[in-house]
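Asker: curious how this folds, go ahead:
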Amino acid sequence: MRLALIDGEHYPDVNRWALDKISPCCAVFVGGIEKIGGIEDVERVLGVKLYHDSDIFKALERALSENHVEEVIDLSDDPVLTPELRFRIASFLLRRGVSYIGADFQFKPKEWLKIDIPSINIIGTGKRVGKTSVGAFVGRTLKDLYRVVIVTMGRGGPEKPEIIRGDLMEITPEFLLKVAEEGRHAASDHFEDALMAGVATVGCRRCGGGLAGFSFFDVIEEGIEVAKSLNPDLIIFEGSGATFANVLAEGFIMVVSAKQGVSKVRDYFGPFRISLADIVVITMADSVKENELRELLKVVGEINPSADVHVTRFAPRLIGRVEGKAIVVTTSPESARKVAEELKRNGIDVIGYSGSLANRKKLREELSNFDYETAIVELKAGAVDVVVKDTLSRGKNVVFLDNEPRNIDGKDFAKAVKELARRVINDKGD
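Answerer: Numbers count the residues shown, from 1 in each chain. This is a model prediction of the structure:
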């Protein structure tokens, strides 16, 4: 069925003329009074049931709950529905699996998948917000309570879903280098999760990301079947960039970088992502001014007041033993500097750092300038094919760097994760 959006900036008989062309089941009045005396003028001539409320989203919710609506046709116009408000409507509808169509736009949701295994979906506002660090933390927190499998969907992931048994094997630098020499992306998210969380992971690939966060192509459905073969109690889906698995999980964790600012949350399809969340994790909150953080928290609270919000920073967690002089290698100079400074305070002899993991040419040049015994490196981008390869060829030591989310707001993210998992599993059992 179709639902129409109409306004009072059009004469009632013009609205009726347009409705006759699309034959909707009902209409929602979204405001405007210039061409009408009152809402009764509109109701009198429409010929279909009209829903209206001072809050158009309440009217939409009621209309959707009472009718089997598959698409909403927007017959309104600016200034009643501004571009910002239309994105909010699109977010509202996509969350419910309903298409939104206007004169020159169409937002069509990818079909939500519902699976018979309890699941948590971890999504983010973009690249480098810390989704994989949060995903690994979630897996590591829950693995002693449940049989956990993490399913990833990276731009460098395998064509066929691939299992890495981080729960049964040690993920060593030598193993990852062998994987890279076979022509595979050894720093893909499922390798990182297997290493950092010590759980079984299933790597999938995806290509293309839409405005709302759905991928154009992916192998997630095949990945789900592979994950099921491992008999998990809980599947954790981990997004890629601003894209995420189209799985309507029982729980959602949203990862927002404080450094991205308010616009990533407030504008376009930010509200769609935030509206899904049971938990919102604000990462890198120690990198912004207090007023910027307050504004971000305010916007998140306005969009999804029921979300459990956690304000965090990333603390370095090392996998392996540092020997002698060390360098730190990450994806940005700022993060490399901060990690180096914190490790120095903890007594590690850090002699330099590089933030060029995503720029292999520059990375090679910078590595040649250091005389070190240990490379402390994030498992991302050129970590394996450049840093691990170069370090092992020198007969030196590799230690992997995990960025662990730590609350700076007095709350307990680990406890919240356990509570969410418990609810998810109990809800599925019911």
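
Asker: report the buried residues of stretch 335-350.
Answerer: 335, 336, 338, 339, 340, 343, 348, 350 (16 or more other CB atoms under 10 Å). Just so you know, the C-beta spots here come from the backbone N, C-alpha and C atoms, and that holds for glycine as well.

Asker: again with stretch 311-330
Answerer: For stretch 311-330, by 16+ other CB under 10 Å, it's 311-314, 316-318, 322, 325-330.

Asker: which of those fall in strands?
Answerer: Counted as lying in strands by DSSP state E, out of those, are 311, 312, 313, 314, 316, 317, 318, 326, 327, 328, 329.

Asker: how close does the residue lying closest to the first one once chain neighbours are set aside sit to residue 119?
Answerer: For residue 311, ignoring the flanking residues on the chain, the nearest one in space by CB to CB, 6 or more residues apart in numbering is residue 409 at 4.0 Å. Using CB to CB, to the nearest Å, one gets 27 Å for the distance from residue 409 to residue 119.

Asker: pick out whichever of those two has more residues nearby.
Answerer: residue 119 (27 against 14; other CB atoms under 10 Å).

Asker: that one and residue 250 touch, don't they?
Answerer: Yes. If you go by CB atoms under 8 Å, residue 119 and residue 250 touch, sitting 6.2 Å apart.

Asker: hey, what's in contact with both of those two?
Answerer: Common contacts of residue 119 and residue 250 (CB atoms under 8 Å, 6 or more residues apart in numbering): residue 424.

Asker: break down the stretch 201-350 of the chain into its helices, ranges please.
Answerer: 220-228, 263-266, 270-276, 290-303, 333-345 (DSSP state H, counting those that start in this stretch).

Asker: what does the longest one contact?
Answerer: When you say that, I think you mean helix 290-303. Looking at what lies outside helix 290-303 - CB under 8 Å, 6+ apart - the contacts are 256, 258, 261-262, 265-266, 270-271, 274-275, 280, 282, 285, 288, 307, 309, 311.

Asker: could you redo the last one with a cut-off of 7 Å?
Answerer: 258, 262, 265, 266, 271, 274, 275, 280, 282, 285, 307, 309 (CB atoms under 7 Å, 6 or more residues apart in numbering).

Asker: the helix or strand where residue 122 lies to helix 220-228, inter-axis angle?
Answerer: Element membership of residue 122, judged by DSSP states H and E, is strand 119-124. Interaxial angle, strand 119-124 versus helix 220-228 (axes from the mean of the first three to the mean of the last three CA atoms, to 10 degrees): 130 degrees.

Asker: tell me which strands strand 119-124 pairs with, and in which orientation.
Answerer: Next to strand 119-124 in the sheet, as set by DSSP bridges, lie strand 234-238 (parallel), strand 251-257 (parallel).

Asker: for residue 195, find the nearest of those strands.
Answerer: Counting by CB to CB, residue 195 lies closest to strand 234-238 out of these; the figure is 13.9 Å.

Asker: with just CA atoms, put the closest one into CSV.
Answerer: What follows is strand 234-238 as a C-alpha-only set of coordinates in CSV (Å, rounded to 0.1, in the frame of the first residue of the first chain):
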residue,chain,number,x,y,z
LEU,A,234,25.5,-14.9,19.9
ILE,A,235,26.6,-13.4,16.6
ILE,A,236,28.1,-9.9,16.5
PHE,A,237,27.9,-8.1,13.2
GLU,A,238,30.5,-5.4,12.7
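
Asker: use 36 as the first number from now on
Answerer: From this message on, residue numbering opens at 36, which makes the last subject strand 269-273.

Asker: return the distance of it from the chain's centre.
Answerer: Taking CA atoms, centre = their mean, to the nearest Å, one finds the center of strand 269-273 at 12 Å from the center of the full chain.

Asker: show residues contacting that strand.
Answerer: With contacts defined as CB under 7 Å, 6+ apart, strand 269-273 is touched by 152-157, 166-167, 170, 173-174, 177, 181, 183-187, 224, 228, 262, 280, 282, 284, 456, 459-460.

Asker: one more pass at 8 Å, please.
Answerer: Against strand 269-273 from outside (CB under 8 Å, 6+ apart): 150, 152-157, 166-167, 170, 173-174, 177, 181-188, 224, 228, 255, 259, 262-263, 279-280, 282, 284, 456, 459-460.
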